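Enquirer: Kindly return the folded structure for what I paste below:
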Amino acid sequence: MKVIVDEEKCVAAGQCVAAAVDVFDQREEDGIVILLDENPPAELADDVRNAAAVCPALAIRIGE
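Expert: The predicted model follows:
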């Protein structure tokens, strides 16, 4: 699994962090997504897929 984020699309909603805290974080100054692990382990795959699904800006893409 490879995670790709588009910071330009991010609206700083924080849903990704709530869904997968080990993979996503937010910048302090503006809340924009920070990708902590672009190749997360298999046990986090469901959380990452959920984060992509709940992102209101569709700023997260997943490659397999």
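
Enquirer: can you give me the helices in the protein?
Expert: 15-19, 45-54 (DSSP state H).

Enquirer: quick one: the residue of the chain most remote from its centre and residue 40, what's the gap?
Expert: Farthest-out residue of the chain from its mean C-alpha position, per Cα atoms, centre = their mean: residue 29, at 17.6 Å. Distance, residue 29 to residue 40, by Cβ to Cβ, to the nearest Å: 25 Å. (C-beta placed from N, C-alpha, C; glycine too.)

Enquirer: If we ignore the residues flanking it in sequence, what's nearest residue 27?
Expert: Leaving aside its sequence neighbours, residue 27 sits nearest to residue 34 (Cβ to Cβ, 6 or more residues apart in numbering; 5.9 Å).

Enquirer: Now do stretch 33-51: everything it contacts.
Expert: Identification of contacts with stretch 33-51 by Cβ atoms under 8 Å, 6 or more residues apart in numbering yields 1-5, 7, 10, 12, 15-17, 19-20, 22-27, 59-60, 62.

Enquirer: tell me the most buried of the helices of the chain?
Expert: Stretch with highest mean neighbour count among these: helix 15-19 (a mean of 20; mean count of other Cβ atoms under 10 Å).

Enquirer: Need the mean per-residue confidence for that one.
Expert: When pLDDT is averaged over helix 15-19, the result is 98.

Enquirer: got the CA positions of that helix in PDB?
Expert: Taking C-alpha atoms only, helix 15-19 is exported to PDB below (Å, rounded to 0.1, in the frame of the first residue of the first chain):
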ATOM      1  CA  GLN A  15     -10.800  13.200   9.700                       C
ATOM      2  CA  CYS A  16      -7.700  11.400   8.500                       C
ATOM      3  CA  VAL A  17      -5.900  11.800  11.800                       C
ATOM      4  CA  ALA A  18      -8.900  10.500  13.700                       C
ATOM      5  CA  ALA A  19      -9.100   7.500  11.400                       C
END
